[in-house]
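# next one to model:
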Amino acid sequence: MSSNEIVVVGGGLVGAAIAYGAARGGAAVTLLDQGDIAHRASRGNFGLVWLQSKGAGFRRYARWSRDAVDHWKPLARELLELTGIDVDLQQNGGFWLGVSEKEMVEREAMLSAINAADGRTPFQMLDQQELKARLPAIGPEVVGGSWCALDGHVNPLKSLHALHAGLKLRGGRICNGVDICEVGPLGKGKGFRAMSRNGRQWTGEKIVLAAGLSNDFLAPQLGLHAPVAANRGQVLITERLKKFLLCPTNKARQTAEGTVQLGFSVEDVGLDDGTTVSAIEWIARRAVATFPTLASAKLVRAWGALRVMTPDGSPIYQESAKYPGAFAATSHSGVSLAGSHAYEIGPWVAGIQPAPDSIEEFAGERFLDTHRTFGNAH
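Here you go, the predicted model:
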């Protein structure tokens, strides 16, 4: 058993960013990481730092997402200076690609509604000719797209590595191979405990549940409501190619190394994070239709990973009313929101900064409202 100021359960991008943010403010933090056995979304993330389309029907989430993309450049610079790890951040814009006029009309309506809220989600709709002028490799099946100058991408694995390394350099501790099955209070004002399946136990004055899919059963143990479900996405990687994608798209992005990452499927298959021939074939066919130059590219790797989805696809951030000092944090946008998790959520749970304004709008109890309907399209 060991005692800490803050125990963060979950060592993926969400938990690591929050732990880093708390530690950089001087808090004593222990991060409990399940490790390679985890259904870690971080290892299968598409790597987009994405603003356009975030917050449709949820104004506070749109504003939260905009703040997050603004945080990314200072976070990447800080991690590079502290750890020497370059996360390959590029924020020179991004394209959503449409294959029908109906899609284009629906897209423009959605983006217009989001931007109307506060004018901070700029976008431009492009017809096929305008799109091809910016993306010469685009195929004829793409009828147009939307462009947001604030979008970008990073290397998600380097980002996770940098956050872990930064946490250690800030004085935090990481415990690997920890499978937490039980959490609870030690008594009023005495802090919290987290217990692993092999009987190890950690205690702390505060506890943050950032355990991805495990939040579904851990959160109720601390009086929190965090309904999450798995959604599988399969992704393909090509050999290294001559640079042809200067900006990421919603269907493909070219990494700093020159490989092209292709995705993604959306599958409700429980906790199966495997791959299927049918999905790989579908992703490959769509990629070639989108960018015909990929027809001769060799595929070198394919994998599946599980997204952590709430009923509306938006995050949950909440301190327990029943057990103050216990927090839940869940989001499928662990890359896009990493800056806000480090610079706003981490300092909040550590008591270094006040709660972000209107944070109560992200409470999990919103899903108990029988007058609301939810769709988690992302």
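# for residue 8, phi and psi?
phi -110, psi 120 (degrees, to the nearest 10).
# with residue 49 instead?
When read as degrees, to the nearest 10, the backbone of residue 49 gives phi -100, psi 100.
# what do you get for residue 340?
Residue torsions, per degrees, to the nearest 10, at residue 340 are phi -70, psi -30.
# what do you get for residue 330?
Dihedral angles (degrees, to the nearest 10) for residue 330: phi -140, psi 130.
# show me the beta-bridge partners of it.
Beta-bridge partners of residue 330, counted by DSSP bridges, are residue 316.
# contact partners for it?
14, 209, 210, 212, 215, 226, 228, 308, 310, 315, 316 (C-beta atoms under 8 Å, 6 or more residues apart in numbering). Heads up, the C-betas are built off the backbone N, CA and C, glycines and all.
# what pLDDT does it get?
Note on residue 330: pLDDT of 95.
# and after the lengthiest helix in the chain, which helix or strand comes next?
Longest helix in the chain, counting residues (DSSP state H): helix 59-83. Going down the chain from helix 59-83, the next helix or strand is strand 94-98, by DSSP states H and E.
# what packs against that following strand?
Judged by 3 or more C-beta pairs under 8 Å, 6 or more residues apart in numbering; DSSP states H and E, the packing partners of strand 94-98 are helix 101-118, helix 128-134, strand 144-148.
# low-confidence ranges, the stretch 1-150 of the chain, go.
1-4, 36-44 (pLDDT under 70).
# the protein: helices as residue ranges?
Under DSSP H, the chain gives helices at 13-23, 59-83, 101-118, 128-134, 156-169, 215-218, 277-290, 338-340, 346-349.
# deepest of those, which one?
Across these, the average number of neighbours (mean count of other C-beta atoms under 10 Å) peaks for helix 13-23, which reaches a mean of 30.
# so how far is that one off the chain centroid?
13 Å (C-alpha atoms, centre = their mean, to the nearest Å).
# ditto for stretch 144-164
Centroid separation for stretch 144-164 versus its chain: 10 Å, with C-alpha atoms, centre = their mean.
# hmm, back to that, relative to helix 156-169, how tilted is the longest helix of the chain?
Computed by axes from the mean of the first three to the mean of the last three C-alpha atoms, to 10 degrees, the angle separating helix 59-83 from helix 156-169 equals 70 degrees.
# one step back: which one of the helices of the chain lies closest to residue 189?
Across these, the minimum distance to residue 189, taken as C-beta to C-beta, is reached by helix 346-349, at 17.1 Å.
# restrict the closest one to CA atoms and write it as CSV.
Listed next in CSV are the C-alpha coordinates belonging to helix 346-349 (Å, rounded to 0.1, in the frame of the first residue of the first chain):
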residue,chain,number,x,y,z
GLY,A,346,-5.5,18.4,-14.1
PRO,A,347,-5.2,21.7,-12.2
TRP,A,348,-8.9,21.6,-11.3
VAL,A,349,-8.7,18.1,-9.7
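# pLDDT on that helix, on average?
Rounded mean pLDDT across helix 346-349 is 97.
# which helices and strands sit right next to that helix?
So helix 346-349, by 3+ C-beta pairs under 8 Å, 6+ apart, packs with helix 13-23.
# make it 10 Å
strand 2-9, helix 13-23, strand 201-209, strand 316-319, strand 326-330 (3 or more C-beta pairs under 10 Å, 6 or more residues apart in numbering; DSSP states H and E).
# only alpha carbons, please: show the second one as CSV.
Just to be clear, that refers to helix 13-23. Listed next in CSV are the C-alpha coordinates belonging to helix 13-23 (Å, rounded to 0.1, in the frame of the first residue of the first chain):
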residue,chain,number,x,y,z
LEU,A,13,-4.0,9.8,-23.1
VAL,A,14,-6.8,11.1,-20.9
GLY,A,15,-5.4,9.9,-17.6
ALA,A,16,-1.8,10.8,-18.5
ALA,A,17,-2.7,14.3,-19.6
ILE,A,18,-4.7,14.9,-16.4
ALA,A,19,-1.9,13.5,-14.2
TYR,A,20,0.7,15.6,-16.0
GLY,A,21,-1.4,18.7,-15.5
ALA,A,22,-1.8,18.1,-11.8
ALA,A,23,1.9,17.3,-11.3
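# and it with helix 156-169, angle?
30 degrees.
# could you list the low-pLDDT ranges of the stretch 251-378 of the chain?
371-378.
# mind jotting down where the strands sit in it?
Along the stretch 251-378 of the chain, the stretches classed as strands by DSSP state E, counting those that start in this stretch are 252-254, 260-263, 299-309, 316-319, 326-330.
# just put the ones you listed in a markdown table and tack on distance to residue 84.
Formatted as a markdown table, those follow (distance: least, C-beta to C-beta, whole Å):
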| stretch | distance to residue 84 |
| --- | --- |
| strand 252-254 | 24 |
| strand 260-263 | 24 |
| strand 299-309 | 27 |
| strand 316-319 | 31 |
| strand 326-330 | 28 |
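# figure out which of those strands is closest to residue 232.
Across those, residue 232 has its closest neighbour in strand 299-309 (5.4 Å, C-beta to C-beta).
# picking that back up, wait, which of the helices of the chain is closest to residue 141?
Distance to residue 141, taken as C-beta to C-beta, is lowest for helix 277-290 among the helices of the chain, at 4.7 Å.
# which other helices and strands does that closest one contact?
strand 229-238, strand 252-254, strand 260-263, strand 299-309.
# gap between it and the chain center?
For helix 277-290, the distance to the chain centre is 24 Å (C-alpha atoms, centre = their mean).
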